[in-house]
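Visitor: need a structure here:
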Amino acid sequence: MAELFSDEWINALKDEWNNEPEVSDALAKIDFSSVITCGYKNEDQPRCVFVVENGVATRAGLYDGETPDWDMRADEKNWGKWTTTPLNMASMGIAFTMGKLKFKTGDFKAMIKNPSMAVPFVKSFGLMTKI
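Guide: Numbering: from 1, shown residues only. Sure, this is the predicted structure:
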């Protein structure tokens, strides 16, 4: 298993994303394009970046100053748990409400109310279990 948030890990996630039609194809239907970053809550900078253009992950790597549309943060314990037991719609809502999953950038509440975004987003978390 690749180390969480390493270049190898985020590129494996990119490949899983592109190979999962319920994520990439679903987001292509709504022309979803974003710069997504993730990392730890206690750090100023995200660890890695993930660029999506029309549903397809086109680039992934270590964070290098990109401006994120979505910046997700959690502590190491929770990220580790989610890489083995994926979040579902209910557990993601609980994680957000309890502050276990934070969005430094991006509107989680608006996204989760939009099924065309929420369903692929939740499914994308499940991809972490395949790495």
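
Visitor: rest of the way, CA atoms for contacts and neighbours
Guide: Fine.

Visitor: So, low pLDDT: which residues of this protein?
Guide: 1 (pLDDT under 70).

Visitor: Tell me which stretches of it form strands.
Guide: Assigned by DSSP state E, the strands in the chain fall at 34-40, 48-53, 56-62, 70-74, 102-105.

Visitor: can I get these in a markdown table with distance to Pro115 and mean neighbour count?
Guide: Formatted as a markdown table, those follow (distance: least, C-alpha to C-alpha, whole Å; neighbours: other C-alpha atoms under 10 Å):
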| stretch | distance to Pro115 | mean neighbour count |
| --- | --- | --- |
| strand 34-40 | 17 | 21 |
| strand 48-53 | 18 | 22 |
| strand 56-62 | 18 | 19 |
| strand 70-74 | 17 | 21 |
| strand 102-105 | 19 | 17 |
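
Visitor: Mind putting those strands into JSON lines with distance to Phe5?
Guide: Formatted as JSON lines, these follow (distance: least, C-alpha to C-alpha, whole Å):
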{"stretch": "strand 34-40", "distance to Phe5": "7"}
{"stretch": "strand 48-53", "distance to Phe5": "6"}
{"stretch": "strand 56-62", "distance to Phe5": "8"}
{"stretch": "strand 70-74", "distance to Phe5": "12"}
{"stretch": "strand 102-105", "distance to Phe5": "16"}
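
Visitor: Those: which one's closest to Phe96?
Guide: Within those, the stretch nearest Phe96 is strand 102-105; the backing value is 6.2 Å (C-alpha to C-alpha).

Visitor: Packing partners of the closest one?
Guide: strand 70-74 (3 or more C-alpha pairs under 8 Å, 6 or more residues apart in numbering; DSSP states H and E).
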